[in-house]
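[1] Got a sequence here, can you model it:
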Amino acid sequence: MNGPVALALLALALATAASPVRAAERGMYTAGQAQAGRAVYASHCAQCHGAGMQGGTGPALVGEPFERSLAHDHLSAPQLFDFITSHMPAGEPGLLADKQYLQAFAHLLARNGYPAGDTPLTKANLGRVKLLSRH
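    Take a look at the predicted model:
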């Protein structure tokens, strides 16, 4: 292999290895869902998980703490969604409509670097979302 091709392949390999969260299947929610989810999150989640999802009385939902939690609990997207819908918001589980929970989940995906696409997130396709962590 010549130098420039080998260098390009090495750069691609390093970029992929450096961001495994972003290596998940692409586009399993829409930008519109994530945008709507930001409002749902602000109204029903931020008081415990922080305005920036950094954590508070509830755990962090972004970054390394969230990734460690995913790795520790071995949660799939459907399992995490089921937990959220059956336990959140705290003190009022099941308060939101499925559409709102899916929007909030799309916001969570967006904040963790999963790219949006043309496919809306649904309960039926949650299993196609691969939650990856670095741990």
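[2] Enumerate every residue touching the residue lying closest to residue 50 once chain neighbours are set aside.
    Leaving out its chain neighbours, the residue that sits closest to residue 50 by CB to CB, 6 or more residues apart in numbering is residue 56, at 4.5 Å. (Glycine included, C-beta is placed from N, CA and C.) When contacts are counted by CB atoms under 8 Å, 6 or more residues apart in numbering, residue 56 touches 47-50.
[3] Kindly report the same for residue 37.
    102-108, 110.
[4] hmm, try it at 6 Å
    103-104, 106-107 (CB atoms under 6 Å, 6 or more residues apart in numbering).
[5] State the pLDDT value of the nearest residue to it once chain neighbours are set aside.
    Spatially, and ignoring its direct neighbours in sequence, residue 37 is nearest to residue 107 (3.0 Å; CB to CB, 6+ apart). For residue 107, the model assigns a pLDDT of 98.
[6] Tell me the secondary structure at residue 107.
    Assigned state for residue 107: helix (three-state reduction, DSSP: H, G, I helix; E, B strand; the rest coil).
[7] do the same with residue 121
    Note that with three-state DSSP, the state of residue 121 is coil.
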